[in-house]
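Chemist: no FASTA, just this:
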């Protein structure tokens, strides 16, 4: 997939507005929203980067509110449920005034600039590449929404190769909304590979596609002893020999949620409860590893 395209801007779109982002969000993409805040009794507007045209899954919700002195809410919505709000008690917009709002997609976060000044940085809670739609609602008049690439390919198509087995730290350990992303290519004659989230010598989560058994095994190892395996899947073996994959492991309050190429794959209940102590990632087996984000 090539990302050398230049998506044409949306010119003076009517609000509320929803528009496709060609190819979805990727690292190095900057989206610029220019408009004017209208005088209105409605005291908030929002820009959402979401999955499709419904608002059940919003990767990034940017929501200025002209109330209580003015502040901006940032959040993420998954399966119709909002996460914890991040609030910045500052209001860089003024009613009746024009604005330029830029969103730069970076590896670990969105960088948001208002009128050429950095305003906030929002750490990704979901894999950002899942977002393929931008929506704008509220009392604003839009002049244009434009797209600019900075020559950085999306991470999952990076040509970089990592050594196998691969070990790296997870800074700060796990916590709810933490996302671990692993991308690679399964070798044509692959038998097995695994992705481990480790806590010292223990393995908190072992994700183990086995082509020789045509299944995906999940387990936990504590003090050298494996627990009970989980093997059931609602469909056939989802990984394919000789094909690329993108696995996202989303840490939630009671379980891990795993997606494959943006689609829900499985859930695995936490057996090691001290999430912050789970601070290392291991990837090994019959794959070519092309990208890791911790």
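Modeler: Received, thanks. Worth saying up front: this structure is predicted, and the values here are computed from it rather than measured.
Chemist: Report pLDDT for residue 260.
Modeler: With respect to pLDDT, residue 260 scores 83.
Chemist: whoops, I mixed them up, residue 289
Modeler: Reported pLDDT for residue 289: 88.
Chemist: Touching, it and residue 165? I think so.
Modeler: No. Using C-beta atoms under 8 Å, residue 289 is not in contact with residue 165, being 9.3 Å away. The C-beta positions use only the backbone N, C-alpha and C, and glycine is treated the same way.
Chemist: who's more crowded, these two?
Modeler: Shown here are residue 289 and residue 165; by other C-beta atoms under 10 Å, residue 289 has more neighbours (21 against 13).
Chemist: is the more buried one in a bridge, and if so with what?
Modeler: residue 162, residue 184 (DSSP bridges).
Chemist: Grab the nearest non-local neighbour of residue 258.
Modeler: Leaving aside its chain neighbours, residue 258 sits nearest to residue 265 (4.6 Å; criterion: C-beta to C-beta, 6 or more residues apart in numbering).
Chemist: Name the residues contacting each of residue 289 and residue 165.
Modeler: residue 283 (C-beta atoms under 8 Å, 6 or more residues apart in numbering).
Chemist: The residue nearest to residue 258 and residue 244: what is the separation?
Modeler: Residue 265 sits 15 Å away from residue 244, going by C-beta to C-beta, to the nearest Å.
Chemist: And these two? Which one has more around it.
Modeler: residue 265 (19 against 15).
Chemist: Tell me the buried residues in the helix or strand hosting the more buried one?
Modeler: Using DSSP states H and E, residue 265 sits in strand 263-269. Buried residues in strand 263-269, defined by neighbour count with 16 or more other C-beta atoms under 10 Å: 265-266, 268.
Chemist: Following element in sequence after it, please.
Modeler: strand 280-285.
Chemist: Can you name the residues in contact with that following strand?
Modeler: 162, 164-170, 180, 182, 184, 190-199, 289, 292, 294.
Chemist: again, only using 10 Å
Modeler: If you take C-beta atoms under 10 Å, 6 or more residues apart in numbering as the criterion, strand 280-285 is touched by 162-170, 173, 180, 182, 184, 186-187, 190-200, 203-204, 206-210, 247, 249, 289, 292-294.
Chemist: Can you tell me which of those residues are buried?
Modeler: Buried among the contacts of strand 280-285 by 16+ other C-beta under 10 Å: 162, 166, 170, 173, 180, 182, 184, 186-187, 190, 193-199, 203-204, 206-210, 247, 249, 289, 292-294.
Chemist: Select from these every entry located in strands.
Modeler: Within the buried ones among the contacts of strand 280-285, residues falling in strands by DSSP state E are 166, 180, 182, 184, 186, 193-199, 203-204, 206-210, 247, 249, 289, 292-293.
Chemist: Sheet-wise, list the partners of the host helix or strand of residue 134 with their directions.
Modeler: Using DSSP H and E, residue 134 falls within strand 133-137. Paired with strand 133-137 in the same sheet, following DSSP bridges, are strand 17-20 (antiparallel), strand 46-50 (antiparallel).
Chemist: So which of those is the most surrounded?
Modeler: Comparing the strands paired with strand 133-137 by mean neighbour count (mean count of other C-beta atoms under 10 Å), strand 46-50 comes out on top with a mean of 22.
Chemist: any idea of the mean pLDDT for it?
Modeler: Averaging pLDDT along strand 46-50 gives 97.
Chemist: for stretch 72-79, same thing?
Modeler: Across stretch 72-79, the average pLDDT comes to 95.
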